[in-house]
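S.K.: predicted coordinates and the sequence they were generated for:
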Amino acid sequence: MLTYFRNIGQGISTIVNSMAVASLHLFKPSVTLQYPKERWALPERSRMRLHNKIEDCIGCGQCARTCPTDCIIVKTEKRDKEEPPVYASDGTAKKLRTYVFDIDMALCCYCGLCTFACPTQCLVMTADYEYSVYDINDHVYHFAKEKPLTVAGSTEQSPLKG
Ligand code: SF4
Ligand code: SF4
C-alpha cells in the first residue's frame with residue numbers, strides 16, 4: 001500500500017517538475033523558423049551551390065583535376081591563332097575554347113576544393129541552397145556557352161560521365 005501512494009506521489013512530482021520546466025520556455029522568444037516565410041541568414045562563406053562565371057573561365061581544368069568526386073567535366077579546344085584574342089576579366093588570355101563545362105551537383109560533396117584551385121576565381125560557392133528538383137539529372141549544370149569549331153584537338157579534363 002505504501003508503495004502505491006509513493007508511486008502516485010512520484011507521478012505528481014514528475015508532472016509538476018516537467019510543467020515548471022516547460023512554463024519557463026513560455027516567456028522565451030521562439031526559435032522555430034517559419035520556413036519558407038522566414039530564412040536564416042547564412043554565414044558569408046557558406047558552401048551551398050557552385051556557380052561558374054563562364055566568361056572568366058580559361059578552361060584550364062584545374063577544378064576538375066582537384067575534384068575528389070569527379071563531378072566536373074571540362075572539354076576544350078585550342079583557339080585558332082587567327083581568332084581575335086579573348087581575355088578573362090583579370091587579364092588572363094583565354095587560349096582554349098570551353099565548349100563543355102558541366103557540374104553534377106548531385107555528386108558534389110561541397111568541399112570547395114575546386115574554387116581554391118581556380119586561377120581566375122570564376123568558380124565560386126554561393127549561399128543558394130534552395131535548388132531541389134524532381135529529376136536528379138536536373139542537378140547537372142551546363143555552364144559552357146561556346147560551341148566547338150573542331151572536335152579534333154579537343155581535350156577533356158575529367159573522366160567521362162553523365
Ligand atoms: S566542391 Fe568539391 S566535390 Fe564539389 S565540385 Fe568542387 S571539388 Fe568537386
Ligand atoms: S579552374 Fe577555373 S578557369 Fe580553370 S577550368 Fe575550372 S572554372 Fe575554368
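M.R.: Everything's here; your move. Ligands and ions are numbered 1, 2, ... in the order given.

S.K.: what ranges do the strands span in the protein?
M.R.: Under the criterion DSSP state E, strands of the chain are mapped to 49-52, 72-78, 96-104, 123-126, 140-142, 155-156.

S.K.: tabulate these (JSON lines), appending mean neighbour count, distance to residue 12 and mean pLDDT.
M.R.: (Each C-beta comes from the backbone N, C-alpha and C, glycine too.) Shown next, in JSON lines, are those (neighbours: other C-beta atoms under 10 Å; distance: least, C-beta to C-beta, whole Å; pLDDT from 0 to 100):
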{"stretch": "strand 49-52", "mean neighbour count": "20", "distance to residue 12": "54", "mean pLDDT": "98"}
{"stretch": "strand 72-78", "mean neighbour count": "23", "distance to residue 12": "64", "mean pLDDT": "97"}
{"stretch": "strand 96-104", "mean neighbour count": "21", "distance to residue 12": "59", "mean pLDDT": "97"}
{"stretch": "strand 123-126", "mean neighbour count": "18", "distance to residue 12": "55", "mean pLDDT": "97"}
{"stretch": "strand 140-142", "mean neighbour count": "14", "distance to residue 12": "61", "mean pLDDT": "98"}
{"stretch": "strand 155-156", "mean neighbour count": "12", "distance to residue 12": "73", "mean pLDDT": "69"}
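
S.K.: now those as TSV including distance to ligand 2?
M.R.: Converted to TSV, the strands of the chain look like this (distance: least, C-beta to the nearest ligand atom, whole Å):
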stretch	distance to ligand 2
strand 49-52	5
strand 72-78	5
strand 96-104	7
strand 123-126	4
strand 140-142	12
strand 155-156	11
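
S.K.: can you redo these as a markdown table with distance to residue 29?
M.R.: A markdown table is the format used below for the strands of the chain (distance: least, C-beta to C-beta, whole Å):
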| stretch | distance to residue 29 |
| --- | --- |
| strand 49-52 | 31 |
| strand 72-78 | 43 |
| strand 96-104 | 40 |
| strand 123-126 | 30 |
| strand 140-142 | 39 |
| strand 155-156 | 54 |
